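Enquirer: just need the structure, nothing else, for what follows:
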Amino acid sequence: MRAFLYLVGTVAVFLVLLAGIGYLVNMTKTDGPTVVLYDQYDNPSWFGTASHLLQDDVDKPMEAADDFIVPEGEVWTINQVEAAGLYVNGEGPATSVNITFYEDLDAQPSRTLFMEKNITYTLASAPSIVQFTPEVGATPTPIPYPDMASGSLLVNIDPVTLGPGAYWLSVQANIYLYHGGQWAWLSRIVTSNRQALWRGPITQCRGWDSAETCLGYVYAKDQVFRLHGTRAREKPLADETATALTALPTATPRAQSTETTDASNPIPETAEISPTPTTPFPIEEATIQPPVNEPTEAAIPPPDETQTVAVPHEAIGLPSPRQFPLSITTAEPMLTTEIP
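Expert: Purely as a prediction, here's the structure:
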């Protein structure tokens with residue numbers, strides 16, 4: 001019995017230490033003081049949209065996403081996400097949280113820009129919520145809603161930097177259905193930017209669609225969340241170009257030589273000589289005339305004798321008139337002509 005109690009105590013101490021280490025790691029992810037970059041913690045409704053990954057039924061994930069816009073001229077570095085929520089069909093708690101940022105394409109989440117899974121969290125502040133329970137023929141009466149503090153999550157993430165544009169945030173709790181129930185991301189009754197979207201194990205909603213269409217939630221317009229981090233000014237392209245040009249090395253002007261020239265050598269030793277551009281020799285254009293097929297008159301010498309005759313240049317296709325020695329040797333029955 002003592003051994004069993006010792007084992008239980010050891011396991012409990014180990015779990016406490018592990019949780020403490022996770023908490024400290026989560027806290028160290030924040031880099032300096034942060035500010036609220038984006039805030040949708042207003043106009044909450046009295047219900048939420050299921051957004052969880054059931055650890056005992058992983059084949060039925062449910063995911064909600066809401067959009068936000070980084071203004072022109074700004075760059076956000078987000079390191080903390082705050083999401084209001086509540087537990088249904090149980091009291092929780094979630095074991096961890098998954099955070100995803102999506103790129104916007106055609107008013108829907110598209111390419112995944114950032115994803116971090118199984119993140120430890122702390123409890124966030126809950127918004128002021130009232131639940132309206134209208135009766136037939138009666139004016140709706142506000143009724144205090146149960147405490148939402150246990151289901152609102154404050155999650156520190158690895159910094160993600162986003163430039164101007166539209167993006168989508170997904171907050172998904174990891175939870176055991178048969179021990180903690182389900183986690184629902186609190187919905188708003190108004191819409192900022194675009195209406196929140198949802199997808200889950202429903203045939204018509206395996207792709208992104210509104211929770212109102214998929215789940216019949218009339219007031220599921222948006223989700224309640226805040227983004228924390230740092231804000232910087234986006235550098236205009238002109239500034240970046242100027243910075244790049246400033247970083248370029250500057251040319252050092254060549255020092256002018258002060259040495260005197262020798263009378264026998266008019267060029268100083270340190271002078272830089274530039275090559276003189278050369279002009280190609282002019283080429284006289286000439287039209288080559290085809291050979292004239294007229295016979296050349298020449299006296300045929302007797303056999304074994306040589307005679308030099310003048311041959312017109314047109315007869316052999318030369319561009320200008322010249323005298324060429326023409327050696328003609330006669331023999332029977334052929335005539336051989338050689339032009340050196």
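
Enquirer: mind checking how far L197 is from S96?
Expert: Per C-beta to C-beta, to the nearest Å, L197 is found 23 Å from S96. In short, each C-beta sits where N, CA and C put it, glycine included.

Enquirer: these two: which is more packed in?
Expert: Neighbour count, other C-beta atoms under 10 Å: between L197 and S96, L197 has more, with 26 against 19.

Enquirer: OK, contacts around the more buried one?
Expert: A64, A65, D66, Q108, P109, W168, W208, D209, S210, A211 (C-beta atoms under 8 Å, 6 or more residues apart in numbering).

Enquirer: contact partners for Y87?
Expert: P93, S150, G151, G180, G181, Q182, W183, A184.

Enquirer: among those, which are located in strands?
Expert: Q182, W183, A184 (DSSP state E).

Enquirer: pLDDT, distance to D158 and neighbour count for the contacts of Y87 - can I get that in TSV?
Expert: Listed next are those as TSV, based on pLDDT from 0 to 100; distance: C-beta to C-beta, whole Å; neighbours: other C-beta atoms under 10 Å:
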residue	pLDDT	distance to D158	neighbour count
P93	95	23	19
S150	86	26	16
G151	91	24	27
G180	91	26	21
G181	92	29	21
Q182	93	27	20
W183	95	22	29
A184	94	26	22
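
Enquirer: nearest to K60 among these?
Expert: Lowest distance from K60 to the contacts of Y87 (C-beta to C-beta) belongs to Q182, with 10.5 Å.

Enquirer: how far away is that closest one from D222?
Expert: Remark: distance between Q182 and D222 (C-beta to C-beta) = 20 Å.

Enquirer: same deal with V70?
Expert: Here the criterion is C-beta to C-beta. By it, V70 lies 17 Å from D222.

Enquirer: give me the more crowded residue out of these two.
Expert: Neighbour totals were compared for V70 and D222, and D222 leads with 27 against 21 (other C-beta under 10 Å).

Enquirer: is it true that that one touches A64?
Expert: No - in this structure, D222 is not within contact of A64 by C-beta atoms under 8 Å, at 10.0 Å.

Enquirer: overlap in contacts of the two?
Expert: A196.

Enquirer: can you pull the contacts of W76?
Expert: Residues in contact with W76 (C-beta under 8 Å, 6+ apart) are L37, V70, T161, L162, L227, G229, T230, R231, A232.

Enquirer: what sits against the second one?
Expert: If you count contacts by C-beta under 8 Å, 6+ apart, V70 has them with W76, L162, G163, P164, G165, Y167.

Enquirer: so what pairs up with it in the strands?
Expert: G165 (DSSP bridges).

Enquirer: ok so, going back, secondary structure and distance to N43 for the contacts of L197 - can I get that in CSV?
Expert: Below are these laid out as CSV (DSSP: H, G, I helix; E, B strand; the rest coil; distance: C-beta to C-beta, whole Å):
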residue, secondary structure, distance to N43
A64, strand, 17
A65, strand, 18
D66, strand, 13
Q108, strand, 23
P109, strand, 23
W168, strand, 20
W208, coil, 23
D209, strand, 22
S210, strand, 17
A211, helix, 16
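
Enquirer: what's the closest of these to V58?
Expert: Using C-beta to C-beta, the shortest approach to V58 within these belongs to A64, at 17.5 Å.

Enquirer: the stretch 101-250 of the chain: helices as residue ranges?
Expert: Taking DSSP state H, counting those that start in this stretch, the helices of the stretch 101-250 of the chain run over residues 177-180, 211-215, 237-246.

Enquirer: quick one: average confidence on the last one?
Expert: Helix 237-246 comes out with an average pLDDT of 53.

Enquirer: returning to that earlier point: for the contacts of W76, which one is nearest E82?
Expert: E82 lies nearest to L227 out of the contacts of W76, by C-beta to C-beta, at 7.7 Å.

Enquirer: that closest one reaches T34, doesn't it?
Expert: No - L227 is beyond contact range of T34, at 9.6 Å (criterion: C-beta under 8 Å).

Enquirer: neighbour count: the two, which is higher?
Expert: More crowded of L227 and T34, by other C-beta under 10 Å: L227, with 23 against 17.

Enquirer: okay, and the residue lying closest to that one once chain neighbours are set aside sits in which element?
Expert: In this structure, L227 finds its nearest non-sequential neighbour in Y38, 4.2 Å apart by C-beta to C-beta, 6 or more residues apart in numbering. Using DSSP states H and E, Y38 falls within strand 35-39.
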